[in-house]
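Need coordinates for the below:
(chains A, B, C and D)
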4 protein chains.
Amino acid sequence: MAVGGPVMTVPELEAFLEREFPQIYLHGRIWHVEALGPGTARMRMDYHESQLRPGGTISGPAMMTLADLAMYVVILGAIGPVGLAVTTNLNINFLRKPEPGPLFAETRLLKLGKRLAVGEVTLMGQGHDDPVAHVTATYSIPPR
Amino acid sequence: MAVGGPVMTVPELEAFLEREFPQIYLHGRIWHVEALGPGTARMRMDYHESQLRPGGTISGPAMMTLADLAMYVVILGAIGPVGLAVTTNLNINFLRKPEPGPLFAETRLLKLGKRLAVGEVTLMGQGHDDPVAHVTATYSIPPR
Amino acid sequence: MAVGGPVMTVPELEAFLEREFPQIYLHGRIWHVEALGPGTARMRMDYHESQLRPGGTISGPAMMTLADLAMYVVILGAIGPVGLAVTTNLNINFLRKPEPGPLFAETRLLKLGKRLAVGEVTLMGQGHDDPVAHVTATYSIPPR
Amino acid sequence: MAVGGPVMTVPELEAFLEREFPQIYLHGRIWHVEALGPGTARMRMDYHESQLRPGGTISGPAMMTLADLAMYVVILGAIGPVGLAVTTNLNINFLRKPEPGPLFAETRLLKLGKRLAVGEVTLMGQGHDDPVAHVTATYSIPPR
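As a prediction, this is how the structure comes out:
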């Protein structure tokens, strides 16, 4: 898509998140931006005990949290620090039970419009080819 | 829909959750089943600091977590304690920024099939008529 | 929700649809607005042979078409004739196979914002209490 | 994913569709399977007048119909002719207005389970790189 950039570096983006959203680090620095590209981002979530479920699998809400954050990150990377972007819709299909361990979110913008950004997020476990979940999400972005 | 019951009482259901999913109470007893009816449930989430976002609003992931749990609760109420029911799809539309305070999840089963249960969850703030979010979700349920 | 109106009558709305969207009547006058209320609408689809599938059931695409049109109708009823409103997201859960016969769409606006309108549509067969499908949809609406 | 095949050839698959779903060809042979791969399919829709909307754009319901059919086709290609597979959920994000002309559906299975198949469909216009819509869908498949 017609997305240049990214307009932020990974350290700039992580510093923005830690400054604006300290609450998400309450359980430690479990969120990591691993890569930013033009309309793409790769994040890693190091799971915390509170995110586990019986059998040692990662909880669904933890996967939704990672996907929602990954979408925000790919938008920030494309348009710069915008505190006011908000999720309007998120749809997730859970595909396989993830094993304990880090989860990776491969994110791709499908559209970056004046008012709405739409993207998809594929969640993968470490060393696995099959996705554990697939997400599409829409953010409302403030006029630039 | 052709749902009788509920087949569990509120105390039985809350005891099941605390025994099977202790992780969700890591931040205290913030989840409460307020009512169970035939194919319906009402839950309350007492927000925790980690669920707040700038401006004091409740985070989107906290709302998704409440909706997912509320769907599980209405299914448990309808078919009894089933540890193996898992979410296969969840779609959420965020409608308004909730103010800090408890969130309520009014849940209704749309279908209780042999293999799939589908329901909708309307999230409301205290003393507000307008929903803050609306969710539809599908659970895969084990053969009975 | 804070929706007054409706600001159009049923005949005005049906006349608008026939004038602006003649293509949807290619198979005859199968679309009917049965009622408009404040943020609500009820539509009826009289099925056409092309909408049937093996076993005489109504096709999924026919149900999606009805739901999408019903959402457009409830928005028109709330804000007046706006040719430029477009669907941005539609999520449908198919619940039961409908029998041949008219389908009814009970539609309710969940949010009518400056830029986005969100609603839900419950599709029912004639004389049945259980929904055959449930839809949530978002429309982007032009500045007023 | 663990999908071999395809187990049907393109001519076998198109013959199956024409035999089992004659209604979808009421407007002529507008549906074409262009390619089948392991867990992938490419379809083409040649638009019919009834699928146009003001400004000559392809209607949303026509796009939903193509996506639903493309998902069915990729499942048939993977597991063979199964008349009983039914859509349980479909989520579509409309991204750009397509111009008149054929639409292409690039489809990929995300999961092929015992009971559910989940896939994504990207809809593209001819000679355009940006998708006009993105769909995820779930089918319930009969026991094999």
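
all helices of chain A, in order?
Along chain A, counting by DSSP state H, helices occupy A:10-20, A:60-79.

most neighbours per residue, which of the ones you listed?
helix A:60-79 (a mean of 25; mean count of other CB atoms under 10 Å in any protein chain shown). For the C-beta atoms, the positions are set from N, CA and C on the backbone; glycine is no exception.

one step back: relative to chain B, which of the helices of chain A is closest?
helix A:60-79 (3.9 Å; CB to the nearest CB).

For that closest one, output the C-alpha coordinates as PDB.
Coordinates of each C-alpha in helix A:60-79 appear next as PDB, following Å, rounded to 0.1, in the frame of the first residue of the first chain:
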ATOM      1  CA  GLY A  60      -7.000 -15.500  24.600                       C
ATOM      2  CA  PRO A  61      -7.100 -12.000  26.200                       C
ATOM      3  CA  ALA A  62      -3.300 -11.900  26.200                       C
ATOM      4  CA  MET A  63      -3.300 -12.700  22.500                       C
ATOM      5  CA  MET A  64      -5.900 -10.000  21.900                       C
ATOM      6  CA  THR A  65      -3.900  -7.500  23.900                       C
ATOM      7  CA  LEU A  66      -0.800  -8.300  21.800                       C
ATOM      8  CA  ALA A  67      -2.700  -7.900  18.500                       C
ATOM      9  CA  ASP A  68      -4.300  -4.600  19.500                       C
ATOM     10  CA  LEU A  69      -0.900  -3.200  20.600                       C
ATOM     11  CA  ALA A  70       0.800  -4.500  17.400                       C
ATOM     12  CA  MET A  71      -1.800  -2.700  15.300                       C
ATOM     13  CA  TYR A  72      -1.200   0.500  17.300                       C
ATOM     14  CA  VAL A  73       2.600   0.100  16.800                       C
ATOM     15  CA  VAL A  74       2.300  -0.300  13.000                       C
ATOM     16  CA  ILE A  75       0.200   2.800  12.800                       C
ATOM     17  CA  LEU A  76       2.600   4.800  15.000                       C
ATOM     18  CA  GLY A  77       5.400   3.600  12.700                       C
ATOM     19  CA  ALA A  78       3.500   4.800   9.700                       C
ATOM     20  CA  ILE A  79       2.200   8.200  10.800                       C
END
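
For chain A, list the residues in contact with chain C, please.
By CB under 8 Å from any CB of the partner chain, the part of chain A that sits against chain C consists of A:88-89, A:91, A:115-116, A:138, A:140.

out of those residues, who's nearest residue D:79?
residue A:91 (24.7 Å; CB to CB).

I'd guessed the closest one sits against residue B:89; true?
Yes. Between residue A:91 and residue B:89 there is a contact under CB atoms under 8 Å: 7.4 Å.

Residues touching the least confident helix or strand in chain A by mean pLDDT, excluding its own?
Here the helix or strand of chain A ranked lowest by mean pLDDT, DSSP states H and E is strand A:52-53, holding a mean of 77. Here strand A:52-53 makes contact (CB atoms under 8 Å, 6 or more residues apart in numbering or on different chains) with A:58-59, A:100, B:21, B:23.

Closest one to residue B:82 out of these, please.
residue B:21 (12.9 Å).

could you measure the closest one against residue B:69, distance?
Relative to residue B:69, residue B:21 is positioned 9 Å away (CB to CB, to the nearest Å).

returning to what we had before: tabulate the residues of chain A next to chain C in TSV, adding columns for neighbour count.
Formatted as TSV, the residues of chain A next to chain C follow (neighbours: other CB atoms under 10 Å in any protein chain shown):
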residue	neighbour count
A:88	26
A:89	24
A:91	25
A:115	14
A:116	21
A:138	26
A:140	17
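
Quick check: the farthest pair among these?
The most distant members of the residues of chain A next to chain C, if one measures by CB to CB, are A:91 and A:115, lying 19.2 Å apart.

Up against chain B, what does chain A have?
By the rule CB under 8 Å from any CB, the part of chain A lying against chain B is A:20-21, A:23, A:26-27, A:49-54, A:59-61, A:64-65, A:68, A:83, A:86-94, A:97.

Apply 7 Å and report the result again.
Residues of chain A lying near chain B by CB under 7 Å from any CB of the partner chain: A:20-21, A:23, A:26, A:49-50, A:52-54, A:60-61, A:64-65, A:68, A:83, A:86-94.

Kindly state the beta-bridge partners for the closest residue to chain C within chain A.
The minimum distance from chain A to chain C, using CB to the nearest CB, falls at residue A:89 (5.2 Å). In this entry, residue A:89 is beta-bridged to residue A:138, residue B:93, by DSSP bridges.

confidence score at it?
Note on residue A:89: pLDDT of 98.

Enumerate every residue touching it.
A:137-138, B:92-93, C:89, C:138 (CB atoms under 7 Å, 6 or more residues apart in numbering or on different chains).

okay if I get those residues as CSV plus distance to residue C:107?
CSV is the format used below for the contacts of residue A:89 (distance: CB to CB, whole Å):
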residue, distance to residue C:107
A:137, 24
A:138, 21
B:92, 19
B:93, 15
C:89, 16
C:138, 13
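
Can you pull the residues of chain A lying near chain D?
A:1, A:91, A:93, A:95, A:110-111, A:118, A:120, A:130-131, A:134, A:136, A:138.

which among these end up buried?
Neighbour-count burial (16 or more other CB atoms under 10 Å in any protein chain shown) is assigned, among those, to A:1, A:91, A:93, A:95, A:110-111, A:118, A:120, A:131, A:134, A:136, A:138.

ok, how many other residues are close to the closest residue to residue A:44 other than its chain neighbours?
Using CB to CB, 6 or more residues apart in numbering or on different chains and skipping the chain neighbours, the partner closest in space to residue A:44 is residue A:32 (4.4 Å). Residue A:32 has 14 neighbouring residues, counting by other CB atoms under 10 Å in any protein chain shown.

In this structure residue A:32 contacts residue A:43, no?
Yes. Counting by CB atoms under 7 Å, residue A:32 touches residue A:43, with 6.5 Å between them.

Chain D: which of the residues of chain A next to chain C is nearest?
residue A:91 (4.5 Å).

distance of the closest one from residue B:88?
For residue A:91 relative to residue B:88 (CB to CB), the value is 12 Å.
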